[in-house]
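Student: I need the structure of the sequence given here:
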Amino acid sequence: MPGYRFVVADDHPLFRGALQQALAGFGADCAILEAGDFESVKALLAEDPEIDLVLLDLAMPGASGLSGLVALRGLSPAVPIVVVSAHDDAQTVRRALELGASGFISKSARMEELRRAVRTVLEGGVYAPGGIDLGEEGDPEISDLIGRIQTLTPQQTRVLAMLAEGLLNKQIAYELNVSEATIKAHVSAVLQKLGVDSRTQAVIRLSRIGANPLSDSA
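Tutor: Here you go, the predicted model:
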């Protein structure tokens with residue numbers, strides 16, 4: 001039986017090395033793929049259907065906070081994503097889990113905790129750091145937005161992420177290998193579910209998730 005296939009996504013080579021060292025405990029036959037920017041993560045997920053888990057830093061070049069997580073969930077809804085971040089406050093952890101992350105690990109965590117988190121997620125569980133009261137969302141607008149994003153289908157989530165990248169309907173149709181009419185229908189559904197009237201308003205709403213300390217390089 002072949003080993004696990006992991007993606008280690010972080011723009012700091014030294015930290016990628018530390019994550020690789022932690023994942024080495026899952027067997028010599030594991031494959032560990034590296035990505036130093038967000039586009040590389042998306043490319044790996046698009047090209048490799050056998051990936052078992054992604055360790056993701058949301059402050060990489062090309063990512064915009066938690067909206068990057070939303071984009072990846074739409075791209076590969078079946079692949080568990082564990083966020084690894086220096087921004088480990090309760091609000092960020094809670095929002096990441098609500099937006100589809102299967103786990104959250106602080107960059108200050110010990111190697112054994114990281115392995116425990118990965119093991120938990122590979123076994124189908126969800127991992128959150130111990131000793132943190134995740135509490136309730138204090139921003140009504142963000143709470144409403146997260147609830148609306150949770151109603152999107154994977155394809156609608158992908159379309160929303162591509163709208164945020166500034167792609168036209170024709171370009172999105174080409175990327176997803178569907179008709180432009182299908183994309184128009186998806187866009188209409190996305191706008192309705194997000195409670196907005198235009199593509200621009202949808203992108204602005206999504207950017208509210210990215211407007212947090214995760215946009216700092218860490």
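Student: which secondary structure elements does the longest helix anywhere in the chain contact?
Tutor: Under DSSP state H, the helix in the chain containing the largest number of residues is helix 180-194. Helices and strands touching helix 180-194, by 3 or more C-beta pairs under 8 Å, 6 or more residues apart in numbering; DSSP states H and E, are helix 140-149, helix 154-164, helix 169-176, helix 199-210. In this view, the C-beta of every residue, glycine as well, is placed from N, C-alpha and C.
Student: and those helices, which is most packed in?
Tutor: Highest mean neighbour count among the helices and strands packed on helix 180-194 (mean count of other C-beta atoms under 10 Å): helix 154-164, with a mean of 22.
Student: what's next to it, contact-wise?
Tutor: For helix 154-164, the surrounding residues in contact (C-beta atoms under 8 Å, 6 or more residues apart in numbering) are 64, 67, 70-71, 73-75, 77, 149, 152, 171-172, 175-176, 183, 186-187, 189-190, 193-194, 199, 202-203, 206-207.
Student: for the helices and strands packed on helix 180-194, give me TSV that also has mean pLDDT and distance to residue 109.
Tutor: Formatted as TSV, these follow (pLDDT from 0 to 100; distance: least, C-beta to C-beta, whole Å):
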stretch	mean pLDDT	distance to residue 109
helix 140-149	91	25
helix 154-164	91	28
helix 169-176	93	36
helix 199-210	86	24
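Student: which one of the ones you listed lies nearest to residue 94?
Tutor: Closest to residue 94 of the helices and strands packed on helix 180-194 is helix 140-149 (C-beta to C-beta; 9.4 Å).
Student: if we can go back for a sec, export the helices and strands packed on helix 180-194 as a markdown table, with columns for distance to residue 131.
Tutor: Listed next are these as a markdown table, based on distance: least, C-beta to C-beta, whole Å:
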| stretch | distance to residue 131 |
| --- | --- |
| helix 140-149 | 24 |
| helix 154-164 | 32 |
| helix 169-176 | 42 |
| helix 199-210 | 25 |
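Student: residues touching the residue positioned nearest the centre of the chain, list them.
Tutor: The centroid of the chain falls nearest to residue 69 when counting by C-alpha atoms, centre = their mean (2.1 Å). Residue 69 makes contacts with 56, 58, 81, 83, 96, 99-101, as judged by C-beta under 8 Å, 6+ apart.
Student: what helix or strand is it on?
Tutor: helix 66-75 (DSSP states H and E).
Student: any idea of the angle that helix forms with helix 154-164?
Tutor: If you take axes from the mean of the first three to the mean of the last three C-alpha atoms, to 10 degrees, helix 66-75 sits at 140 degrees to helix 154-164.
Student: centre of the chain to helix 66-75, how far?
Tutor: On the basis of C-alpha atoms, centre = their mean, to the nearest Å, helix 66-75 sits 4 Å off its chain's mean C-alpha point.
Student: do the same with stretch 121-138
Tutor: A distance of 15 Å separates the centroid of the chain from that of stretch 121-138, by C-alpha atoms, centre = their mean.
Student: ok, now stretch 112-125?
Tutor: Worked out by C-alpha atoms, centre = their mean, stretch 112-125 lies 17 Å from the chain centre.
Student: also stretch 53-64?
Tutor: On C-alpha atoms, centre = their mean, the centre of stretch 53-64 falls 7 Å from the chain's centre.
Student: what about it, start to end distance?
Tutor: Distance between the boundary residues of stretch 53-64 (C-alpha to C-alpha, to the nearest Å) amounts to 21 Å.
Student: break the protein down into its domains, please.
Tutor: 5-122, 140-215 (automatic domain parsing).
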